[in-house]
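Asks: Prediction below, plus the sequence it came from.
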Amino acid sequence: MTTSSPPPLFRGINALIPSASTAAATTPGERAAVQLLHLREATLPVPVLAAALELIAPQLDDPDAATRDVAADVHARLAAAIEDASRPQR
């Protein structure tokens with residue numbers, strides 16, 4: 001007799017973001033990517049954005065073209081957010 005494990009309990013932000021397709025995702029990175037697709041806006045300190053920019057940079061040279069394309073898009077969005085946050089408020 002085989003039993004399947006119950007679905008994971010989502011807590012914190014995981015409980016707030018739709019995750020219907022997270023069951024198919026196998027790694028934490030894939031699950032995070034699926035959840036981030038549903039996220040439209042977030043407020044983060046500039047140092048966190050800068051760290052994310054540095055973390056995504058190595059993926060710009062990934063052998064996989066799809067990974068490079070997505071990394072370039074994320075990199076551009078992070079750079080734009082940092083630049084926008086650095087502008088003086090009116």
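Replies: On my side now, so go ahead.
Asks: Could you pick out the longest helix of the protein?
Replies: If you go by DSSP state H, the chain has its longest helix at helix 65-86.
Asks: by contact count, what packs against that one?
Replies: In terms of contacts (3 or more CB pairs under 8 Å, 6 or more residues apart in numbering; DSSP states H and E), helix 65-86 is packed against helix 46-56. All C-beta atoms are positioned from the backbone trio N, CA, C, and that covers glycine.
Asks: which residues touch the helix it packs on?
Replies: Surrounding helix 46-56, the residues in contact under the criterion CB atoms under 8 Å, 6 or more residues apart in numbering are Ala71, Val74, His75, Leu78, Ala79, Ala81, Ile82, Ala85, Ser86.
Asks: and it, which residues are buried?
Replies: By neighbour count on 16 or more other CB atoms under 10 Å, the buried set for helix 46-56 is Leu49, Ala52, Leu53, Ile56.
Asks: Identify all contacting residues around stretch 58-76.
Replies: Under the contact criterion CB under 8 Å, 6+ apart, stretch 58-76 has outside partners Leu53, Ile56, Ala57.
Asks: how close does the last one sit to Ala80?
Replies: Using CB to CB, to the nearest Å, one obtains 15 Å as the distance from Ala57 to Ala80.
Asks: likewise Leu60?
Replies: Using CB to CB, Leu60 is found at 16 Å from Ala80.
Asks: next one: Pro47
Replies: As judged by CB to CB, Pro47 and Ala80 stand 17 Å apart.
Asks: same thing with Ala66?
Replies: Going from Ala66 to Ala80 by CB to CB gives 22 Å.
Asks: quick one, which of those two is more surrounded?
Replies: Residue environment comparison for Ala66 versus Ala80 gives the larger neighbour count to Ala80, 11 against 8, counting by other CB atoms under 10 Å.
Asks: how about that one, what does it touch?
Replies: Neighbours of Ala80 in contact, by CB under 8 Å, 6+ apart: none.
Asks: CA-only coordinates of stretch 67-78 in CSV, if you can.
Replies: The C-alpha coordinates for stretch 67-78 follow below in CSV (Å, rounded to 0.1, in the frame of the first residue of the first chain):
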residue,chain,number,x,y,z
THR,A,67,17.9,31.3,-18.2
ARG,A,68,19.9,34.1,-19.7
ASP,A,69,16.8,35.9,-21.0
VAL,A,70,15.0,35.7,-17.7
ALA,A,71,18.1,36.7,-15.8
ALA,A,72,18.5,39.7,-18.1
ASP,A,73,14.9,40.8,-17.5
VAL,A,74,15.1,40.4,-13.7
HIS,A,75,18.5,42.2,-13.7
ALA,A,76,17.1,45.1,-15.7
ARG,A,77,14.1,45.4,-13.4
LEU,A,78,16.2,45.3,-10.3
